[in-house]
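# sequence and predicted model, in that order:
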Amino acid sequence: MNDRASYPVRIEGELRAEPSRWLWLVKWLLAIPHYIVLAFLWLAYVVLTVVAFFAILFTARYPRGLFEFNVGFLRWAWRVAFYSYGALGTDRYPPFTLDDVPDYPARLHIDYPERLSRGRVLVKWWLLAIPHYMVVGILVGGGTFAARSAGGWWWMGGFPAGLIDILVLVAGVALLFTARYPRGLFDFVLGLDRWVARVVVYAGLMTDRYPPFRLDQGGSEPPLEETEGEPMPAPEPATEPKPAHVGAGRVVLVVLGSIAAILAFGFLAAGSALVVIDRTQRDEDGYLMSPGVDLSTATYAIVSESANIDSGGAQWALDTFLGDVRVRSESQRIAFVGIGPASDVDNYLLGVEHVVVTDIEGNLVFGGDTPRPKYSERAGGPPRTTPAGQAFWVASATGSGEQTVDWDPTDGEWRLVVMNEDASRGVASHMSVGAKLDSVLWIGIVLFTTGVLLAAGAAFAINSGARRR
């Protein structure tokens, strides 16, 4: 079988009249409405390609409705590219439609595959296509191919520029000074676009036919070649099924469904994470505790940054969503742990050498990297009195080993302080902080349920918008 005649991706572009000398300079501005719509359609294309991946894996078929929608997106993208900086081939403004427009000078057609390989779908889009990715990376620009290869390769600009970008710029300069588009250059650019289109369709799982390493130049697909000196017989006329009309309402449904699918993924992930945290990170008393952090300093005190609590008079909200706060500290020496008003703590430590914990780097939820505190040092001398002798503490504990401080938070600015009981230098503590946070489980359940409902709505919208009439 002749590959040149039988490849299932056909891309055409007709240079019907010389484009305007200057219009190409502002087509980036004129095409903005298309870029905005195509951005959402690209999102839908990606979601539907993922759906098609699993459909092919289990059924060996690309769902017809999804296939027609994705072909419509690629057809729309090609028209915009031919008008703008994928070819500069026409000054006729592209129509806003997924359907084929027979009288438009740029057209794209992809044969529907009745069956696709289940095994090949696992590797063709990344492993088998690597040689073509290297070539196409040169054609469209290495810095942007990752984004363009998902289906919007003609209209998603970027740097570094590829060969197509450079040649189209040369064509634009030629138009500007001669009012003519060099025909040989046009044919070459269309050949490069054709190569990219074949690779994109193959990587998009829409065919199992491997793209040929061949540059078919010109605005039309190459004619059927002769074999062994004899002309190939003319193909029997085939009756193609009339393509399903995809109206604006169905496009909107697919776009909205795709957005809902992404939102659903976020809600499901957040809800699941909160439920897992609630079920795994609580201590025996029901406090949701952070992993322990090792704090140490050669100075006289370790102080937290001030925490400002302002419930607006709604103390019930603090009790409902935050609940009691627990601080757990473990020290080798006899240590003092206290929570007090920020202003009183600042006055007590005025002129005292200490450190303020400004940040804690690392994963404080699921473990992983060991949390590392960052300090801001304050110069000074020793404190005049021991910390336990102060009357402003709202919650405190003193002793060696593990100490626990429970506090019912109220409005105000507060600081947490760790010192040695005798106010000596050299403070070290293994500390964790938590709260009751009884609402976490319910928030997680609500988020997860919302995600499920959004996912169901997304599936309904995408199916309704993409299915064949």
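Nice, thanks for sending it over.
# list the buried residues of the one helix or strand residue 377 maps to.
Assessed by DSSP states H and E, residue 377 sits inside strand 372-378. For strand 372-378, the neighbour count (16 or more other Cβ atoms under 10 Å) marks 373, 375, 378 as buried. C-beta coordinates here come from the backbone N, C-alpha and C atoms, glycine included.
# what sits up against that strand?
293-295, 297, 299, 349, 352-362 (Cβ atoms under 8 Å, 6 or more residues apart in numbering).
# can you name the next helix or strand after that strand?
strand 395-407.
# so for the strand holding residue 377, mean pLDDT?
Strand 372-378 shows an average pLDDT of 91 in the prediction.
# got it, and stretch 63-79?
93.
# ok, stretch 349-362 next?
89.
# oh, and call the first residue 99 from now on, that's how I've got it
Okay, using 99 as the starting number, the last item reads as stretch 447-460.
# once you drop chain neighbours, what's closest to residue 317?
Of all residues beyond its chain neighbours, the one nearest residue 317 is residue 111 (4.6 Å), with distances taken as Cβ to Cβ, 6 or more residues apart in numbering.
# who is that neighbour paired with across the strands?
residue 204 (DSSP bridges).
# check contacts around it.
Residue 111 touches 180, 185, 187, 203, 204, 205, 288, 291, 317, counting by Cβ under 8 Å, 6+ apart.
# any chance you could map the strands in the stretch 249-398 of the chain?
Assigned by DSSP state E, counting those that start in this stretch, the stretch 249-398 of the chain shows strands spanning 386-387, 391-395.
# who does the last one touch, helix- and strand-wise?
What that stands for is strand 391-395. On a contact count with 3 or more Cβ pairs under 8 Å, 6 or more residues apart in numbering; DSSP states H and E, strand 391-395 meets strand 452-459, strand 470-476, strand 525-533.
# ok, and for the longest one, which residues are buried?
Read that as strand 525-533. Neighbour-count burial for strand 525-533 [16+ other Cβ under 10 Å]: 525, 526, 527, 529, 530, 531, 532, 533.
# partners of that strand in the sheet?
In the sheet, strand 525-533 lines up with strand 386-387 (antiparallel), strand 391-395 (antiparallel), strand 423-439 (antiparallel) (DSSP bridges).
# how about those strands in a markdown table, adding distance to residue 116?
Listed next are the strands paired with strand 525-533 as a markdown table, based on distance: least, Cβ to Cβ, whole Å:
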| stretch | distance to residue 116 |
| --- | --- |
| strand 386-387 | 70 |
| strand 391-395 | 70 |
| strand 423-439 | 75 |
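# from those, which stretch is densest packed?
Across the strands paired with strand 525-533, averaging neighbours per residue (mean count of other Cβ atoms under 10 Å) puts strand 423-439 on top, at a mean of 20.
# let me know the angle separating that strand from strand 493-505.
Orientation check (axes from the mean of the first three to the mean of the last three Cα atoms, to 10 degrees): strand 423-439 against strand 493-505 gives 130 degrees.
# for the next helix or strand after strand 423-439, packing partners?
Next in sequence after strand 423-439, counting helices and strands by DSSP H and E, comes helix 440-446. Contacts defined by 3+ Cβ pairs under 8 Å, 6+ apart place helix 440-446 against strand 510-518.
# swap in 10 Å and give it another go.
Secondary-structure packing of helix 440-446 (3 or more Cβ pairs under 10 Å, 6 or more residues apart in numbering; DSSP states H and E): strand 399-402, strand 423-439, strand 510-518.
# got those strands as JSON lines, with mean pLDDT and distance to residue 162 columns?
Listed next are the helices and strands packed on helix 440-446 as JSON lines, based on pLDDT from 0 to 100; distance: least, Cβ to Cβ, whole Å:
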{"stretch": "strand 399-402", "mean pLDDT": "95", "distance to residue 162": "61"}
{"stretch": "strand 423-439", "mean pLDDT": "93", "distance to residue 162": "58"}
{"stretch": "strand 510-518", "mean pLDDT": "94", "distance to residue 162": "63"}
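# need those in a markdown table with distance to residue 168, can you?
What follows is these, written out as a markdown table (distance: least, Cβ to Cβ, whole Å):
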| stretch | distance to residue 168 |
| --- | --- |
| strand 399-402 | 54 |
| strand 423-439 | 53 |
| strand 510-518 | 56 |
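# so which of the ones you listed gets nearest residue 559?
Taking Cβ to Cβ, strand 423-439 is the member of those nearest to residue 559, at 43.9 Å.
# just the helices from the stretch 149-298 of the chain, written as ranges.
Shown for the stretch 149-298 of the chain, the helices assigned by DSSP state H, counting those that start in this stretch span residues 162-181, 228-238, 243-245, 261-276, 281-301.
# and the last one, what does it pack against?
Using 3+ Cβ pairs under 10 Å, 6+ apart as the contact test, the elements touching helix 281-301 are strand 107-111, helix 162-181, strand 204-208, helix 228-238, helix 261-276.
# now the angle from that helix to strand 107-111?
Using the same axes, to 10 degrees, helix 281-301 lies at 150 degrees relative to strand 107-111.
# tell me the angle of helix 281-301 relative to helix 162-181?
Going by the same axes, to 10 degrees, helix 281-301 makes 160 degrees with helix 162-181.
# distance check, the closest residue to residue 281 other than its chain neighbours against residue 268.
Distance criterion Cβ to Cβ, 6+ apart; nearest residue to residue 281, sequence neighbours excluded, is residue 113 at 7.3 Å. Residue 113 is 15 Å from residue 268, where distance means Cβ to Cβ, to the nearest Å.
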